[in-house]
Every structure is written in structure tokens, then in C-alpha cells.
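Q: Have a look at this prediction, sequence included:
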Amino acid sequence: MHVEAQKASAVKLVESMAVSGARNERGEVRIHESLDELSTDLAYHIAELSEASVKERGVFAIALSGGSLVGLMGKLCEPPYNKTVDWAKWYIFWADERVVAKNHADSNYKLAKDGLLSKVPIVPSHVHSINDSVSAEEAADDYEFGIRQLVKTRVVSVSEISDCPKFDLILLGMGPDGHVASLFPTHSVLNERDEWVTFITDSPKPPPERITFTLPVINSASNVAVVVTGESKAEALHLAIDDVGPDGVSLPARMVQPTKGKLVWFLDKPAASKLDCSQFSE
Ligand SMILES: O=C(O)[C@H](O)[C@@H](O)[C@H](O)[C@H](O)COP(=O)(O)O
């Protein structure tokens, strides 16, 4: 099938899906019938944002996370997106990374390389992975320095309201405890306001040493997509999205509140099972 025809049939497929899309002040919530539909919708969303960003800025600066997210992005490697996405304009970053060697099974870089980056024509010099041969603290400093250089050359734009980089898209997963990136509940890094990238050495989810974007950077992005699947996340998702008063305030996922950017939650039904859908408007 011709690429344009493939693109048109991808649009039709997404339009025909029974995704319940709704919004409250926590952003747009898209609940999917199956993981297959979620993956289809996610690939479509990312491809659309890439196209818009390349048109506007000539580049697409995207930050990934670890966990199940990369597997759920798999449809980007298939038609039509493997051909229609302008891969040469992509610049890849990590919203968080485990401080391990790049060939280690725990490496978020390795996960993305094996599952996505090696399957599409990304320019190798556009892949901004961490320096894995130094301490977590040095790796965080080094990563922030690298981003500062790319802000100067406008590969990453800068927020008009905070002194922060403005990524075109930051993709996050969420743990059953409500953590996003490597920002875990009650951890002091949740209060970090000065650094763009910080580090932890006591992650409750192994491995312990990690670097992570700080909340000001996440909340300065043009777009944030949080991808959450499975029943084990249902309670945390309820606290992150519903109007739960003070119960939710300290949950990292609830602190994801882009100042000017767009927030979209990609959920499957089990993850969304405890949401109070009466709060949403179409
Ligand atoms: O490196 C990491 O550990 C992550 O970036 C982390 O924040 C992950 O996204 C969530 O823990 C969700 O992971 P799952 O989707 O696999 O549950």
C-alpha cells in the first residue's frame, strides 16, 4: 500500500476506535478498550506531535521514560509511521535513567534502543543518553549541561515563563505508588526547583541510582503524555486524576501539571477502573 494510503487508513483506524476521551482540569483522559488500541492511539498522537513540531521548529525533542512505555510505543516502528515520521528530525532524551551501563538489562537507553531506536532511522548523534561511567550526581550534572548546550542551539526550546527547557513531548509511565520518571512519593527531589536534572541513590524501585528530570522541567513541556496500564495502578491513578482533596496532593503523578502545555493520560480499562468518570466532560 502507498504511504499516503497507509496514513489515511491509520487515521481511520484511530477514528473508529471506541476510545472514551474526556477531560477535567487534570488534562485529557483517554481510556482504551485494549492495549492494542492504546498502542495505536499513542503512536498516532506521537506522530501528530512530531509532525506539528517539525513544521513549527524544524525538530522534535522527545523525552522517554522506562518501564512498559517503550513496548507500548511499538506501533511507531510499523507502517505508516516507520515511513511517514520525519525520524531525522527527532532528538531523543530520557526523562529518567538508571545509572547502569548502556548494555545492562536495567538501562532505559537499552530498552528504547532495542524496542524502538534500532528499528527506525534515528540519527545516532541525536540520541542523548547519559554518561554511564560516572556517579549518579555527575551523570545528572552532565546531562543537564548537555541540555543547556542544546537549548542554546534551539534543538530544545526554552519556556517563556520558567527558566527551563521546553521539550516538545515528555512521555511518562506511572508506578503503582504514583511515581513518575524517578520522582518517588515523599522523596526530597520532589521539591527541587533549581536543577533541571537531578539524581537519587535510594530509589525504592531498583536499581537505586538514577537521574531524573525535575518537576519544573516536566511541567514546562509543550506536551506531556502519561501512559498507565494495569489494575495495580488503579488506586494511584484515582488519586492522581480525581478530585480527592488533600489526599492526592503529594502524589508525584498529581504534581504533573504542565503550566502551559497539554497533558494527556493514555489508560487501559483496568488502570482506569477506579476513576470517577462523573467528573469528566466530553
Ligand atoms: O525507569 C523507570 O523505572 C521509569 O521511568 C518509571 O517511572 C516507569 O515509567 C514507571 O515505573 C512505570 O513503569 P511500568 O509502566 O513498567 O509499570
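A: Perfect, I can see it now. Numbers count the residues shown, from 1 in each chain.
Q: report the longest helix in the chain, please.
A: helix 35-57 (DSSP state H).
Q: For that one, the averaged confidence score.
A: If you average the pLDDT over helix 35-57, you get 97.
Q: what residues does that helix touch?
A: With contact meaning C-beta atoms under 8 Å, 6 or more residues apart in numbering, helix 35-57 is reached by 10-11, 13-14, 17-19, 30, 32, 59-62, 72-76, 78, 81, 84-86, 89-90, 154, 157, 168-169, 171, 222-223, 225, 227, 229, 264, 266-268. Yep, even glycine has a C-beta here, placed from its N, CA and C like the rest.
Q: cool, stretch 268-277 as well?
A: 22, 29, 31-35, 38, 228-231, 233-235, 237-238, 241-243, 267.
Q: Same check on stretch 98-109?
A: 64-66, 94, 96-97, 110, 113, 127, 129-130, 132, 135-136, 139, 199, 206-207, 209-211.
Q: Quote the end-to-end distance of it.
A: 9 Å (C-alpha to C-alpha, to the nearest Å).
Q: How about the residues of the protein by the ligand?
A: Contact residues (C-beta under 6 Å from any ligand atom) of the chain with the ligand: 65-69, 96, 98, 108, 173-175, 179-181, 205.
Q: and if we set it to 8 Å?
A: For the chain, the contact set with the ligand under C-beta under 8 Å from any ligand atom comprises 65-69, 95-98, 108, 172-176, 179-182, 203, 205, 210, 227-230, 232-233.
Q: for the protein, where's the lowest mean pLDDT among helices and strands?
A: The helix or strand of the chain with the poorest confidence is strand 20-24; it has a mean of 66 (mean pLDDT, DSSP states H and E).
Q: Name the helix or strand for the residue most central in space within the chain, please.
A: Nearest to the mean C-alpha position of the chain, by C-alpha atoms, centre = their mean, lies Leu171 at 0.7 Å. Secondary structure from DSSP states H and E places Leu171 in strand 169-173.
Q: could you give the angle of that strand to helix 35-57?
A: Interaxial angle, strand 169-173 versus helix 35-57 (axes from the mean of the first three to the mean of the last three C-alpha atoms, to 10 degrees): 160 degrees.
Q: What ranges in the stretch 1-150 of the chain fall below the confidence cut-off?
A: Applying pLDDT under 70 to the stretch 1-150 of the chain picks out residues 1, 14-24.
Q: quick one, strands of the protein?
A: Per DSSP state E, the chain carries strands over the ranges 20-24, 27-32, 60-64, 90-94, 96-98, 157-158, 165-166, 169-173, 197-200, 210-213, 223-228, 262-268.
Q: could I get those as a markdown table with distance to Val120?
A: Below are the strands of the chain laid out as a markdown table (distance: least, C-beta to C-beta, whole Å):
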| stretch | distance to Val120 |
| --- | --- |
| strand 20-24 | 27 |
| strand 27-32 | 23 |
| strand 60-64 | 12 |
| strand 90-94 | 8 |
| strand 96-98 | 20 |
| strand 157-158 | 23 |
| strand 165-166 | 24 |
| strand 169-173 | 15 |
| strand 197-200 | 26 |
| strand 210-213 | 23 |
| strand 223-228 | 18 |
| strand 262-268 | 20 |
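Q: Please work out which of these is packed deepest.
A: strand 210-213 (a mean of 30; mean count of other C-beta atoms under 10 Å).
Q: Skipping adjacent residues, who's closest to Ala10 in space?
A: In this structure, Ala10 finds its nearest non-sequential neighbour in Pro80, 5.3 Å apart by C-beta to C-beta, 6 or more residues apart in numbering.
Q: number of nearby residues for that neighbour?
A: For Pro80, the neighbour count with other C-beta atoms under 10 Å is 22.
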